[in-house]
Structures are given as structure tokens and as C-alpha cells.
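[1] attaching a predicted model along with its sequence, questions to come.
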Amino acid sequence: MIFLVMEIQSMKVYSNSFKNSEAIPSKYTCEGENVSLHVKWEGFPKETKSFVLIMSDPDAPIGTFYHWILYDIPSNVNEIKEGESVGLKGKNDFGKLGYGGPCPPRGHGKHRYYITVYALNVEKIGLKEGASAKEVLKAIEGKVLAKGEIFGTYERK
């Protein structure tokens, strides 16, 4: 048997809203305006046909909590401005479409919030708006050309 393994390249992801591995300002959280973060990415393969963005909190008491799911982002878009949205919106674990900012339980310590961007070899992943992060992650299996991520932290005292 021959298995073809697709090598996933890395790409650069960054934000003007916060510096990688540093605190996310409260403006972008449930204690502030809850406005979505600025995210930009570069260094993706030229054959990229679309992007997926997922923001997750692996430190949530219930396991990984998904805050922001965007998919079918056109290949000519490599930036999401603060407060904007591009492509189809998934349903976050707050039960809403689009962005839901950091909101860890009080006294639970500092949580990490990962923003991962995937470059795909397809224009559409075949899901309607409102898909969950798990549905999106399953739909992109075998379609990822490149991936990049950053993370910020937030703590409610």
C-alpha cells in the first residue's frame, strides 16, 4: 500500500489587536465591547483557493471552547479588520454566529486563545453557514495546504 502524505506548510499569522503570546485587551472580550480581533496572514501557497479561521480556548473547564469560526474565506482575502467578518460564519460555543470574545470563568486563571488560519485547496468546504468548529475541522481534513497560528491570553479576576 502507498500512502500519500500532503506536507502542510506554515504561514505567518499576526494581529494589530494584540502581540503573539501576550494579553488580549479587554475591548475584545465579554468584559469590553466584544468586538472581533484584527487578524492578518501571509506566506500561504499560491494555489490556495480559500481560508478557514478558528479561534479556540483549550483551557476552558469543559474542554476546548470555540470562540470564532469563519470558513469559505475567498483566496484574495488575507486580512480581517477589527469588527469585520469575511466568508461564512460558524456557530461558536456561545451558540451564536461569528465572534464571541474571551470570557473565562472568574478566578479560573489565565486562558490561552489560539487563532488558527488554514489555507485550503478548495474554494468551498461544503457546509452551510452555522456549522460548528468540529464540523469545519472534519470538512477540511485532507484539504489543508498551509496553517499558521498565534495566541493571546486573557484572565478574568
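    Received the coordinates, thanks.
[2] what ranges in the protein fall below the confidence cut-off?
    1-6 (pLDDT under 70).
[3] so the most centrally placed residue in the chain is in which element?
    The residue lying closest to the centre of the chain (C-alpha atoms, centre = their mean) is residue 54, at 2.1 Å. Using DSSP states H and E, residue 54 falls within strand 50-57.
[4] so what secondary structure elements neighbour that strand?
    The contact analysis (3 or more C-beta pairs under 8 Å, 6 or more residues apart in numbering; DSSP states H and E) places strand 50-57 against strand 65-74, strand 111-120, helix 133-139. C-beta: built from backbone N, CA, C; applies to glycine.
[5] who wins for proximity to residue 100 among the ones you listed?
    Distance to residue 100, taken as C-beta to C-beta, is lowest for strand 65-74 among those, at 4.9 Å.
[6] buried residues, the closest one. List them.
    Within strand 65-74, the residues that count as buried by 16 or more other C-beta atoms under 10 Å are 65, 66, 67, 68, 69, 70, 71, 72, 73.
[7] and of those residues, the nearest to residue 104?
    Nearest to residue 104 out of the buried residues of strand 65-74 is residue 65 (C-beta to C-beta; 8.8 Å).
[8] tell me who's in contact with the closest one.
    For residue 65, the contacting residues are 56, 57, 93, by C-beta atoms under 8 Å, 6 or more residues apart in numbering.
[9] can you pull up the bridge partners for it?
    residue 57 (DSSP bridges).
[10] cool, and the one 4 residues further on?
    Each beta-bridge partner of residue 69 is listed here, defined by DSSP bridges: residue 54.
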